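**Student:** here is my input, please return the structure:
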Amino acid sequence: MSETAALVYVVDDDPSVRRALTRLIRSAGYSAEAYGSAREFLEHACVEHTPACVVLDVQLPDLSGLELQSDVDARLPIIFLTGHGDIAMTVGAIKAGATDFLTKPVCDADLLRAIEQALARSVEVSKSMHELEELRSRVERLTLREREVMNLIVLGRLNKQVACELGTVEKTVKAHRARVMQKMEVGSLAELVRIADKVAVASASPATRNAASERIRDQGPIPPAPAVS
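**Tutor:** Numbering: from 1, shown residues only. I've put the predicted structure just below:
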């Protein structure tokens with residue numbers, strides 16, 4: 001990751017804190033933009049910049065940092081700063097996706113370490129989102145019947161079972177299946193299952209998405225799928 005391309009947003013209503021943090025961040029080789037309120041950040045920050053992260057004060061004059069967290073793009077990991085955080089607040093912020101929760105006055109080394117980790121996550125999230133967009137574009141190529149066939153075969157249905165459920169013949173299902181594999185650009189059922197899982201996870205609610213993402217990551221590489229007829 002090129003540090004010169006990395007951008008760190010500072011959102012804090014204290015001008016002296018903004019100046020100090022901005023100087024520190026720039027001295028480490030990153031670009032920095034500072035905002036005095038949540039609304040100012042939302043109106044002017046460019047979420048398309050990658051890698052990027054947000055150093056965010058919990059107490060702000062309009063929206064609180066915790067309220068702002070739900071509106072921040074996933075490509076912008078958040079590092080919270082607070083002068084009076086508690087355990088419940090910290091746990092809630094981390095569960096909602098914050099990369100760190102630091103207390104003021106923050107140690108320079110701790111903050112720069114947190115920024116480095118947040119920027120690395122920004123790169124990973126952007127890469128995953130780009131991959132997901134590509135996978136969704138493949139799904140969009142499928143006809144309605146091809147999607148029905150895909151949904152059933154990733155559940156482990158045999159061709160004859162798919163034919164029975166869809167009210168067609170096995171030969172037709174085989175033809176649809178071949179087109180699904182071609183349009184989805186996969187060479188195995190295992191690959192198709194992984195793609196279907198990822199797309200389904202992205203379409204789920206945040207809580208379900210987080211749980212399913214953990215499951216997929218913990219599974220590791222998918223073993224070769226058994227032959228199906």
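**Student:** quick one: mean pLDDT for whichever strand or helix holds Glu165?
**Tutor:** According to DSSP states H and E, Glu165 maps onto helix 159-166. Helix 159-166 shows an average pLDDT of 94 in the prediction.
**Student:** give the buried residues for that helix.
**Tutor:** Within helix 159-166, the residues that count as buried by 16 or more other Cβ atoms under 10 Å are Asn159, Gln161, Val162, Ala163, Leu166. For the C-beta atoms, the positions are set from N, CA and C on the backbone; glycine is no exception.
**Student:** pull the distance from stretch 171-188 to the chain's centre.
**Tutor:** Centroid separation for stretch 171-188 versus its chain: 29 Å, with Cα atoms, centre = their mean, to the nearest Å.
**Student:** not counting it itself, show me its contacts.
**Tutor:** 138-139, 141-142, 145-146, 149-150, 153, 159-160, 162-163, 166, 191-192, 195, 224-225 (Cβ atoms under 8 Å, 6 or more residues apart in numbering).
**Student:** now the farthest one out in this protein, which residue is it?
**Tutor:** What lies farthest from the middle of the chain is Val169; by Cα atoms, centre = their mean that is 40.5 Å.
**Student:** tell me the contacts of Tyr9?
**Tutor:** Taking Cβ under 8 Å, 6+ apart as the test, what Tyr9 contacts is Ala32, Glu33, Ala34, Tyr35, Phe41, Ala45, Ala52, Cys53, Val54, Val55, Leu76.
**Student:** if I look at the second one, how far off is Val54?
**Tutor:** Computed as Cβ to Cβ, to the nearest Å, the Glu33 to Val54 distance reads 10 Å.
**Student:** what sits in contact with each of those two?
**Tutor:** Val8, Tyr9, Val10.
**Student:** C-terminal to the helix or strand where the last one lies, what's the next element?
**Tutor:** Assigned by DSSP H and E, Val10 falls within strand 7-11. In the C-terminal direction, the helix or strand that comes right after strand 7-11 (DSSP H and E) is helix 15-27.
**Student:** who's more crowded, Glu33 and Val54?
**Tutor:** Val54 (28 against 18; other Cβ atoms under 10 Å).
**Student:** OK, contacts around that one?
**Tutor:** Val54 makes contact with Val8, Tyr9, Val10, Val11, Phe41, Val72, Leu76, Pro77, Ile78, Ile79, according to Cβ under 8 Å, 6+ apart.
**Student:** okay if I get those as a markdown table plus pLDDT?
**Tutor:** Formatted as a markdown table, the contacts of Val54 follow (pLDDT from 0 to 100):
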| residue | pLDDT |
| --- | --- |
| Val8 | 95 |
| Tyr9 | 95 |
| Val10 | 96 |
| Val11 | 94 |
| Phe41 | 91 |
| Val72 | 83 |
| Leu76 | 88 |
| Pro77 | 92 |
| Ile78 | 91 |
| Ile79 | 93 |
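**Student:** ok, these vs Met129, which is closest?
**Tutor:** Leu76 (11.9 Å; Cβ to Cβ).
**Student:** burial count for the closest one?
**Tutor:** 25.
**Student:** contacts only, for it.
**Tutor:** Leu76 is in contact with Tyr9, Ala45, Val47, Ala52, Cys53, Val54, Ser122, counting by Cβ under 8 Å, 6+ apart.
**Student:** what about stretch 140-158, how long is it end to end?
**Tutor:** 24 Å (Cα to Cα, to the nearest Å).
**Student:** what residues does that stretch touch?
**Tutor:** Stretch 140-158 is contacted by residues 139, 159, 161-162, 165-166, 173, 176-177, 179-180, 183-184, 189, 192-193, 196, 228-229 when judged by Cβ under 8 Å, 6+ apart.
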